[in-house]
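1. Have a look; sequence and predicted model below, questions after that.
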Amino acid sequence: MGKRVLVVDDEKLIVKGIRFSLEQDGMEVDCAYDGEEALQKIKENEYDIILLDVMLPKLTGFEVCQQAREFSAVPIVMLTAKGDDMDKILGLEYGADDYITKPFNILEVKARIKAIMRRTAPKKKEKTKTIESGDMRLDCEGRRVYIKDREINLTAKEFELLELLILNPNKVYSRETLLKTVWGADYPGDVRTVDVHIRRLREKIEEKPSEPKYVHTKWGVGYYFA
């Protein structure tokens, strides 16, 4: 069965073009043209990935992303017409996994979608691999995290960061290495992306994010799990 994608943009010609191209690759595509419609579709359906424009009627893309993160960890790629770094950083702050700046090449969009879905697809194993550290339990196959048996809702990138760190305890990773490993060598963003995701991850898994128990900073070097 083909992957299911939600495309959200108030410019119908853009939506039509993306939809046609993705359907040519065998994907199932739903469309929404404002923020409220998008949020409703996310609540009612299961998607493999969402392409979400920043500038939308009724609710902005940032608002949709933020509210969706309260109940879903579906990968979200923000579409922005601006080259402003702040738009990109805001998207990541609200829980987006990636961003693409308009005007874009549809081949880039498809390549980015496929790369994200490959990284977020559950890996087949003979049995579920579970890692435990203190009060934390990581289900690598189900891509779920529990602290004191309470499930923590992480985005795809937050989970991948945590999984990499917990599988290599006390190993310090530079921000550049984390960016290349988790986002890929061809990712156009910079190391601030890593800082934003580490901060969001700490806010979710640490009782006191300013005094982390799990994900630590090695000043001037990078991050590690202890």
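-> Cool, got the structure. These figures come from a predicted structure and were not determined experimentally.
2. Could you chop the chain up by domain?
-> What automatic domain parsing lists as the domains of the chain is 4-120, 130-225.
3. Most tightly packed of the ones you listed?
-> Most buried of the domains of the chain, by mean neighbour count (mean count of other Cβ atoms under 10 Å): domain 4-120, with a mean of 18. Every residue, glycine included, has its C-beta placed from N, CA and C.
4. Could you work out the end-to-end span of it for me?
-> End-to-end distance for domain 4-120: 14 Å, by Cα to Cα, to the nearest Å.
5. and if you look at stretch 18-36?
-> First-to-last residue span, stretch 18-36, Cα to Cα: 20 Å.
6. Show me what that stretch is in contact with.
-> 1-10, 12, 15, 38, 41, 45, 47, 51, 56-61, 63-64, 106, 109-110, 113 (Cβ atoms under 8 Å, 6 or more residues apart in numbering).
7. quick one: average confidence on the helix or strand containing Val15?
-> Taking DSSP states H and E as the definition, one finds Val15 inside helix 12-24. Per-residue pLDDT over helix 12-24 has a mean of 93.
8. for the protein, which spans come out with low pLDDT?
-> Counting by pLDDT under 70, the chain shows low-confidence ranges at 1, 82-85, 121-128.
9. Helices of that one, start to end?
-> 12-24, 35-44, 61-68, 85-93, 106-120, 156-167, 175-178, 192-205 (DSSP state H).
10. With distance to Glu141 as new columns, can these be given to me in a markdown table?
-> Listed next are those as a markdown table, based on distance: least, Cβ to Cβ, whole Å:
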| stretch | distance to Glu141 |
| --- | --- |
| helix 12-24 | 27 |
| helix 35-44 | 24 |
| helix 61-68 | 24 |
| helix 85-93 | 26 |
| helix 106-120 | 13 |
| helix 156-167 | 11 |
| helix 175-178 | 22 |
| helix 192-205 | 19 |
